[in-house]
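Asker: For reference, the sequence and a predicted model appear below.
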Amino acid sequence: MAEYLLFATERYALPILQPLADALQASGHGVSAWLVDGAAGARLPAPVRSVGLREAVALKPRAVFSAANWVPTFLSGPKVQMFHGFNVEKRDDARGHFRVRGLFDLYCTQGPATTAPFRALAAQHPHFAVVETGWPKLDPLFRDDGGASAALRAPANGRPTVLFASTFTERLSAAPHLFDAIAAEIARGDRYWLLTLHPKCAPELFDRYRSLVGPNAAFVETEQLMAAQRAADVLVADTTSVVSEFVVQHKPVVTFRNRAPKPHMLDFDAPSQLPTMLAQAFAPSASLRDALADYANAIHPYRDGRSSERVLAATEALLEGRFGRLAGKPLSGRLRALQIRADLGYWRPG
């Protein structure tokens, strides 16, 4: 049995790490989680152990899996980037999904759309390896979820179910703009709504959307998001990466002012258009169905619920040296590692 460490800086990373924890435990390994910043105080269910900085160092993990943009490099073991979302083009590539920070040894990519760019980057910066594994967060969409999604859908009593999700980025968020339109849809009652917001959204937005809870709507916490996606028939959203997650199921998505609208989206600009867009989503055309399938295959073609196992296999291949000798980390990465030490107040040898 080996010891492995999970690392996260936000609560929304927990559903990414949980399937990986399950796969590690199923293989007989010990799993600890070091959760900091926005994830501090959160926990993954036992038998995952919650640890702090000194415990994480003393653990000497065989590998560290990070669902954050950074990871403390003074920890033992290779550092594996799990990603905290899909590439939804909120920012340009150099500042967004394809930014190489010089901290990670292995990038486990989600599908062809991200694998090719990262392999091109690895050719330029050979201090990391790239393996396409799929994304552990989506494993529960394609495995037995213990009835979690069925429980969320049960109050619908046979009605079609809509999930609303919104990003926290103020200039991109649909939540402030669509509240009245969604409230009207919920009041009508012909569909059941599951409502969720990014944990970083303003508290007053949470209060407004929670006020809609009743016989026609429920509010879903971040930890329930995967079950909610499985339960819903249609998604209403904006530029959140939940759009891509939902599309992997080949289900229609309605997007409000998406930053980079694509053929698989039913994008709209005016809140008054919401009823019309929902009608289209619940009766998708053949061309829309084809676009959904094409996009899903590009970003995440895996529907076997075993991405976590592929991540573990890729990590083992790295540990065994099957990717050859990696180059040393660049100066930018070493400087960033020093800044992380300073931020954490830790200067002892790793």
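Answerer: Everything's here; your move.
Asker: Name the nearest residue to the residue nearest the centre of the chain, sequence neighbours excluded.
Answerer: In the chain, the centroid-proximal residue (CA atoms, centre = their mean) is residue 85; its distance is 3.9 Å. Using CB to CB, 6 or more residues apart in numbering and skipping the chain neighbours, the partner closest in space to residue 85 is residue 241 (3.5 Å). C-beta here means a position set from N, CA and C on the backbone, and glycine is covered the same way.
Asker: and the gap between that neighbour and residue 198?
Answerer: 10 Å (CB to CB, to the nearest Å).
Asker: Overlap in contacts, those two.
Answerer: Residues touching both residue 241 and residue 198 by CB atoms under 8 Å, 6 or more residues apart in numbering: residue 167.
Asker: returning to that earlier point: surely the residue nearest to the centre of the chain touches residue 243?
Answerer: No. Using CB atoms under 8 Å, residue 85 is not in contact with residue 243, being 10.2 Å away.
Asker: ok so, going back, name the helix or strand for the residue nearest to the centre of the chain, please.
Answerer: Assessed by DSSP states H and E, residue 85 sits outside every helix and strand.
Asker: pLDDT below threshold where in the stretch 51-200 of the chain?
Answerer: Low-confidence segments of the stretch 51-200 of the chain, defined by pLDDT under 70: 88-97.
Asker: Check whether residue 80 sits in a helix, strand or coil.
Answerer: Under DSSP: H, G, I helix; E, B strand; the rest coil, residue 80 falls in the strand class.
Asker: Kindly confirm whether my reading is correct that it touches residue 66.
Answerer: Yes. The pair residue 80 / residue 66 is scored as a contact, 6.8 Å apart, by CB under 8 Å.
Asker: Mind listing the shared neighbours of these two?
Answerer: residue 104.
Asker: can you map out the strands along the stretch 251-350 of the chain?
Answerer: 253-256, 265-268 (DSSP state E, counting those that start in this stretch).
Asker: Against which helices or strands is the first one packed?
Answerer: Judged by 3 or more CB pairs under 8 Å, 6 or more residues apart in numbering; DSSP states H and E, the packing partners of strand 253-256 are strand 234-237, helix 242-247, strand 265-268, helix 274-281.
Asker: Contact partners for residue 231?
Answerer: 149-150, 152-153, 161, 163, 194.
Asker: which two from those residues end up farthest apart in space?
Answerer: Checked with CB to CB, these reach their widest spread between 150 and 163, with 14.9 Å between them.
Asker: Looking at those two, which is more packed in?
Answerer: residue 163 (25 against 12; other CB atoms under 10 Å).
Asker: ok, and what's touching the helix or strand where that one lies?
Answerer: Element membership of residue 163, judged by DSSP H and E, is strand 161-164. Contacts with strand 161-164, where a contact means CB under 8 Å, 6+ apart, come from 153, 178, 182, 185, 191-196, 209, 220, 228-229, 231-237, 246, 278.
Asker: If we use 7 Å, what do you get?
Answerer: Here strand 161-164 makes contact (CB atoms under 7 Å, 6 or more residues apart in numbering) with 153, 182, 191-195, 228-229, 231-236, 278.
Asker: which one of these is nearest residue 128?
Answerer: For the contacts of strand 161-164, the nearest to residue 128 is residue 229 (30.2 Å; CB to CB).
Asker: who touches that closest one in this structure?
Answerer: Contacts of residue 229 (CB under 7 Å, 6+ apart): 141, 163, 245-246.
Asker: wait, which of the residues you listed is closest to residue 258?
Answerer: residue 246 (13.0 Å).
Asker: List the contacts of that closest one.
Answerer: So residue 246 contacts 229, 235, 253 (CB under 7 Å, 6+ apart).
Asker: Likewise for residue 258?
Answerer: Taking CB under 7 Å, 6+ apart as the test, what residue 258 contacts is 238-239, 265, 267.
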